[in-house]
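Visitor: Prediction below, plus the sequence it came from.
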Amino acid sequence: MKHALTCSDRNPPFDSFQLYLVSPDGGEHRFLTQGRGTNTSGRFSPDGKQIVYTHQEGQQFSIRMLTLADRKEALVVEQDGPKAVVSACWSPDGKYLAVSRFDYHVLEPHGVLISPPHLDANYRLEIISLDGKERREIKLEGAEVKSMSLNDWR
C-alpha cells in the first residue's frame, strides 16, 4: 500500500514536528522519527525506499536520510557555523541530493546567528553524494533570491 509522508506535532511533547507515513484512508499512521528536535521537509527517494529530511535542534540544522524498512538514520550534511542547510531533494537517479544553503550573518561578540537581508545571504544549491563526500556548489549568479527551500530535481 502506498503512503503519504507528512510531519506533525500531534504527539507528546507537542513542541517538535516528527515525520509519519499515513495511509491514503487515514487509518494507518507510522512514526518515522521521534525524540529531540524537529523533522520537516521530508521527500521520498525515487525508488521509495528512503526519505531525506531537514532536522533542527535549537539553531542547528542538518539534512538526514532515513531508510524506511529499518528506520536507520544517517547524517548527510549539517550546518557549518554560519553556513546554513535548509532542505534537500533527490536527483532523478537517487544518487545525489540538491541541498539549499545560505549564509547567516554572525552578530559579535557572542556569535549569534541572524538571517541577513536576502541579497546578502549567498543563496546556493549544493549537489551532494549520499555519503556526503562528493560536493559541488551551484551559485545562483545574477538571481535575486529572497528565499529558497523545498526544491525539486527532474
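Guide: Yep, that arrived.
Visitor: what's residue 53 in contact with, if anything?
Guide: Residue 53 sits next to 19, 33, 39, 40, 41, 42, 43, 63, 64, 65, 66, 88 when contact means CB atoms under 8 Å, 6 or more residues apart in numbering. Where C-beta positions appear, they are placed from N, C-alpha and C, glycine not excepted.
Visitor: and it, what are its bridge partners?
Guide: Beta-bridge partners recorded for residue 53 (DSSP bridges): residue 64.
Visitor: On the pLDDT front, check it for me.
Guide: Predicted confidence (pLDDT) at residue 53: the value is 94.
Visitor: pLDDT weak spots in this protein?
Guide: 1, 11-15, 108, 111, 116-119, 143-150 (pLDDT under 70).
Visitor: if I look at the residue nearest to the spatial centre of it, how far off is residue 126?
Guide: Central residue check for the chain by CA atoms, centre = their mean: the C-alpha nearest the mean position is that of residue 54, 2.6 Å away. The spacing between residue 54 and residue 126, counted by CB to CB, to the nearest Å, is 14 Å.
Visitor: one step back: in space, what's closest to the residue nearest to the centre of the chain - neighbours in sequence excluded?
Guide: With CB to CB, 6 or more residues apart in numbering as the criterion, residue 54 has its nearest non-adjacent residue at 4.4 Å, and that residue is residue 41.
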